[in-house]
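Student: Build me a structure from this.
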Amino acid sequence: MAATPWLTYADFTGLVGEVFTLALPDGRKVPLTVEEVSALGRDGGAGPDGTPREQFSVVFLGPSDPLLGQGTQELSHGALGDLALFLVPIGADADGVRYEAVFA
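Tutor: Predicted structure coming up:
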């Protein structure tokens with residue numbers, strides 16, 4: 001997988017409702033829908049140009065099965081391409097399981 005680009009809050013704000021595809025090691029594809037994008041109101045690490053990135057989080061909604069554990073997952077999206085994101089399961093309900101990726 002290619003290196004994940006330096007992503008910002010602005011890269012995700014227009015993607016609510018869009019689907020990312022997660023590739024499992026066994027070849028299955030799992031859809032993860034962007035449910036929420038939230039600015040965290042703090043500066044994070046410096047980007048390639050030295051400017052700090054505003055910290056933000058992205059919440060994805062996925063199916064109940066398979067249940068993904070916390071860890072780095074390979075995702076792809078039509079506009080953003082291939083990404084390796086650290087996802088944390090944050091809750092489950094009748095709609096499925098929510099996973100959060102935090103960008104600091």
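Student: any idea how far residue 97 is from residue 23?
Tutor: Applying C-beta to C-beta, to the nearest Å, the value for residue 23 to residue 97 is 17 Å. Backbone N, C-alpha and C define where each C-beta goes, glycine included.
Student: quick one, which of those two is more surrounded?
Tutor: Neighbours per residue (other C-beta atoms under 10 Å) separate residue 23 from residue 97, with residue 97 holding more: 19 against 15.
Student: Pairing-wise in the sheet, spell out the partners of the more buried one.
Tutor: residue 62, residue 92 (DSSP bridges).
Student: now do residue 101
Tutor: For residue 101, the beta-bridge partners under DSSP bridges are residue 58.
Student: Do a quick rundown of the helices in this protein.
Tutor: 9-13 (DSSP state H).
Student: buried sites along the biggest strand by length in it?
Tutor: For the chain, the longest strand by residue count, based on DSSP state E, is strand 29-46. In terms of neighbour count (16 or more other C-beta atoms under 10 Å), strand 29-46 has its buried residues at 30, 32, 33, 34, 35, 37.
Student: same question, stretch 96-104
Tutor: For stretch 96-104, by 16+ other C-beta under 10 Å, it's 96, 97, 98, 99, 100, 101, 103.
Student: now these as TSV including distance to residue 60?
Tutor: As requested, the buried residues of stretch 96-104 are exported to TSV (distance: C-beta to C-beta, whole Å):
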residue	distance to residue 60
96	10
97	9
98	7
99	5
100	8
101	7
103	13
